[in-house]
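A.B. asks: Below is the structure, and that's it, no one-letter string:
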């Protein structure tokens, strides 16, 4: 079964609103990554957060990690139509070497 | 311009035919990965390689084969034993194993005709 599970599966918002996506996982991790995928394209890395970190920022993106709850969230502030994409979390467990496990993703639609 | 290149972008396979998907990277990464993505779903790991001349099965390796003869190349063969090969295939590479993010190619969409 997948290590990471995103919630919600789909999210539709208006331009300018904030979008929050959540990711839950099952086993201890070394780090957690968030990726973005435009339709029919490859994945693009957004942020990597290590297990000893609680929050990271990158531009309009804010990622939090709660290892006690085995969960992470991705917040996109002041969303734009160009943010429309699928967003995936991926986890690296402590027991493997660079082999990430992906969730099924959240599909975000930002309406202009 | 550093990156990871997959080819072809679209591939059509006849029943019973083997096809090979190409993946090349010039990022000097040791680790390379192949994932399969079905519509509306996440990525499932097919095979991965942490170093030249070595590779391991992922979660869904049956019906697939790989080779890693060169650091920059990690081709995937979809064999006739793979009963449902129609999918989007993504190749990725990483430096320093667990410490860094993965870089992805643009994918190959394989369709059985």
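C.D. replies: That came through, no problem. Computed from a prediction, not measured in an experiment: that's the story for all the values here. Numbers count the residues shown, from 1 in each chain, chains lettered A, B, ... in the order given.

A.B. asks: Quick one: low-confidence residue ranges for chain B.
C.D. replies: For chain B, the stretches with pLDDT under 70 are B:1-2, B:97-99.

A.B. asks: That one against chain A: which residues are in contact?
C.D. replies: Residues of chain B found near chain A (C-beta under 8 Å from any C-beta of the partner chain) are B:6, B:31, B:33, B:35, B:40-45, B:48, B:50, B:58, B:88, B:90, B:92, B:94, B:97-107, B:109. Just so you know, the C-beta spots here come from the backbone N, C-alpha and C atoms, and that holds for glycine as well.

A.B. asks: For ChimeraX, what selects the buried ones among those residues?
C.D. replies: Buried residues among those (16 or more other C-beta atoms under 10 Å in any protein chain shown), as a ChimeraX selection:
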select /B:6,31,33,35,42,43,44,45,48,50,58,88,90,92,94,97,98,100,101,102,103,104,105,106,107
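
A.B. asks: Restricted to strands, list the residues of chain B next to chain A.
C.D. replies: Using DSSP state E, the members of the residues of chain B next to chain A that fall within strands are B:6, B:31, B:33, B:35, B:43-45, B:48, B:50, B:88, B:90, B:92, B:94, B:102-104, B:109.

A.B. asks: For chain A, which segments count as strands?
C.D. replies: Using DSSP E, strands in chain A cover A:5-7, A:10-14, A:19-24, A:29-37, A:43-50, A:55-58, A:61-66, A:71-76, A:85-93, A:101-102, A:106-111.

A.B. asks: could I get these as JSON lines with distance to residue B:21 and mean neighbour count?
C.D. replies: Output for the strands of chain A, formatted as JSON lines (distance: least, C-beta to C-beta, whole Å; neighbours: other C-beta atoms under 10 Å in any protein chain shown):
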{"stretch": "strand A:5-7", "distance to residue B:21": "27", "mean neighbour count": "19"}
{"stretch": "strand A:10-14", "distance to residue B:21": "30", "mean neighbour count": "14"}
{"stretch": "strand A:19-24", "distance to residue B:21": "29", "mean neighbour count": "20"}
{"stretch": "strand A:29-37", "distance to residue B:21": "18", "mean neighbour count": "23"}
{"stretch": "strand A:43-50", "distance to residue B:21": "17", "mean neighbour count": "19"}
{"stretch": "strand A:55-58", "distance to residue B:21": "32", "mean neighbour count": "12"}
{"stretch": "strand A:61-66", "distance to residue B:21": "31", "mean neighbour count": "18"}
{"stretch": "strand A:71-76", "distance to residue B:21": "30", "mean neighbour count": "20"}
{"stretch": "strand A:85-93", "distance to residue B:21": "21", "mean neighbour count": "24"}
{"stretch": "strand A:101-102", "distance to residue B:21": "19", "mean neighbour count": "24"}
{"stretch": "strand A:106-111", "distance to residue B:21": "26", "mean neighbour count": "18"}
